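Undergrad: Sequence unavailable; structure follows:
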């Protein structure tokens, strides 16, 4: 990612430029040094929650909960991918990857997602181009719908929240709204292209 | 809304444990294994936080962030959102670790249960990192032209951002 490289560079460069202009060089360096200790404390602060959650998710995986959830998603997803046969490997890979995302299995979600992309590319009528199915699948992934946003909860708890999990439902609603808009955008563009 | 959120974690734990028990999973041993791996993944986050918190500390303490917020304040006012929240909306599609770092910073400074803290939490959790996901997923199958997918992702991000701001406001007063 080159964008993040540039942003990171600009934050330091522009930051110290302003610090020089306003005479805050010393204070800025002190804050930078303090941030190093903060980073370690912060990581240690959220790592317990993340490790616990990861242990729980391992049980979910071992019990086959991902597959179970994938089966439950199947009827809904069929309508989003009308051209794919119900029992095709592509649909299987898509449901599994979305189930992993829904459960928050971040380490499993990316490989499963890449597998889904490969299956979608196999049935792509123009390989190397974005197909309808790829666009719909990526709209669902980009929406980021997840049942328990564990990292956010861990950070809130670490910052001393009295109700760290209060944001679960708001985040779910937000993600569903974002996903819907992405899907709507795709279908609108598809329609106007056909009309041309 | 709150009761559902409060029950989400215990419900998730109980369902997973019960289903694991039902399927004959050795729940305790499996948990230990997964937690051990989670610990490693958690520690691997440290370099990201060092990079983000360091850059943020420099940008903030120098006064550059204040300067930036002053420039963008008219836009924030126009959109009726707090000035401090705009940078989060801008970094959200670009960098996952940047988003988490900024969100952590905002929740610590303003309090995680304040209006701003809630808003930052909901924005940070409410969508995926568009540019990262597109580059990884399309790159995996060698598609180089994303066509309308960037626009699609960014519109989704924009919608999620405003829904998050709206819910956070409603949540706080309601």
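TA: Yes, it's here. Model, not experiment: these values are computed from the prediction.

Undergrad: Not counting its neighbours along the chain, what's nearest the spatially most central residue of chain A?
TA: For chain A, residue A:144 is the residue whose C-alpha lies nearest the centre (CA atoms, centre = their mean; 4.6 Å). Nearest residue to residue A:144, sequence neighbours excluded (CB to CB, 6 or more residues apart in numbering or on different chains): residue B:128, at 3.8 Å. For the C-beta atoms, the positions are set from N, CA and C on the backbone; glycine is no exception.

Undergrad: Could you tell me which residues make contact with the one you found?
TA: By CB atoms under 8 Å, 6 or more residues apart in numbering or on different chains, the contact list for residue B:128 reads A:141, A:142, A:143, A:144.

Undergrad: Please apply the same query to residue B:155.
TA: Shown in contact with residue B:155 (CB under 8 Å, 6+ apart): A:181, A:182, A:185.

Undergrad: Check which helix or strand the first one maps to.
TA: With secondary structure defined by DSSP states H and E, residue A:181 is part of helix A:168-195.

Undergrad: and that helix, is it in reach of chain B?
TA: Yes. Using CB under 8 Å from any CB of the partner chain, helix A:168-195 reaches chain B at A:168-171, A:173-175, A:177-182, A:185-186, A:189.

Undergrad: what packs against that helix?
TA: helix A:132-143, helix B:2-22, helix B:115-125, helix B:149-173 (3 or more CB pairs under 8 Å, 6 or more residues apart in numbering or on different chains; DSSP states H and E).

Undergrad: Let me have those in JSON lines, extended by distance to residue B:90.
TA: Shown next, in JSON lines, are the helices and strands packed on helix A:168-195 (distance: least, CB to CB, whole Å):
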{"stretch": "helix A:132-143", "distance to residue B:90": "17"}
{"stretch": "helix B:2-22", "distance to residue B:90": "27"}
{"stretch": "helix B:115-125", "distance to residue B:90": "11"}
{"stretch": "helix B:149-173", "distance to residue B:90": "10"}
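
Undergrad: just those helices: most buried one?
TA: Mean neighbour count (mean count of other CB atoms under 10 Å in any protein chain shown) peaks for helix B:115-125 among these, with a mean of 27.

Undergrad: just to revisit the earlier point, just the residues of helix A:168-195 next to chain B now: which is nearest residue A:97?
TA: residue A:179 (14.6 Å; CB to CB).

Undergrad: so which of the contacts of residue B:155 is the most crowded?
TA: residue A:182 (31 neighbours; other CB atoms under 10 Å in any protein chain shown).

Undergrad: tell me the contacts of the nearest residue to that one once chain neighbours are set aside?
TA: Nearest residue to residue A:182, sequence neighbours excluded (CB to CB, 6+ apart): residue B:156, at 3.4 Å. Residue B:156 makes contact with A:139, A:142, A:143, A:178, A:179, A:181, A:182, A:185, B:127, B:130 under the criterion CB under 8 Å, 6+ apart.

Undergrad: Pipe the residues you listed into TSV and attach pLDDT and distance to residue B:121 per row.
TA: Formatted as TSV, the contacts of residue B:156 follow (pLDDT from 0 to 100; distance: CB to CB, whole Å):
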residue	pLDDT	distance to residue B:121
A:139	97	24
A:142	97	20
A:143	96	18
A:178	97	15
A:179	98	19
A:181	98	21
A:182	97	21
A:185	97	26
B:127	93	13
B:130	95	19
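
Undergrad: what about the lengthiest helix in chain A, near chain B?
TA: Longest helix of chain A, by residue count under DSSP state H: helix A:25-62. Yes. Using CB under 8 Å from any CB, helix A:25-62 comes into contact with chain B via A:27-28, A:30-32, A:34-36, A:38-40, A:42-43, A:46-47, A:50-62.

Undergrad: Tell me the helix or strand right after that helix.
TA: Taking DSSP H and E, what comes next after helix A:25-62 is helix A:65-80.

Undergrad: and that following helix with helix A:25-62, angle?
TA: For helix A:65-80 against helix A:25-62, the angle by axes from the mean of the first three to the mean of the last three CA atoms, to 10 degrees is 90 degrees.

Undergrad: other SSEs contacting helix A:65-80?
TA: Helix A:65-80 is packed against helix A:89-103, helix B:2-22, with contacts defined by 3+ CB pairs under 8 Å, 6+ apart.

Undergrad: and the ones you listed, which one is worst for confidence?
TA: Among the helices and strands packed on helix A:65-80, helix B:2-22 carries the lowest mean pLDDT, at a mean of 89.

Undergrad: dump the residue contacts of the spatially most central residue of chain B.
TA: In chain B, the centroid-proximal residue (CA atoms, centre = their mean) is residue B:124; its distance is 2.3 Å. Contact partners of residue B:124, counting by CB under 8 Å, 6+ apart, are A:152, B:88, B:92, B:99, B:100, B:102, B:103.

Undergrad: Identify the residue nearest residue A:128 in space, chain neighbours excluded?
TA: Spatial nearest neighbour of residue A:128, excluding adjacent residues (CB to CB, 6+ apart): residue B:143 at 6.0 Å.
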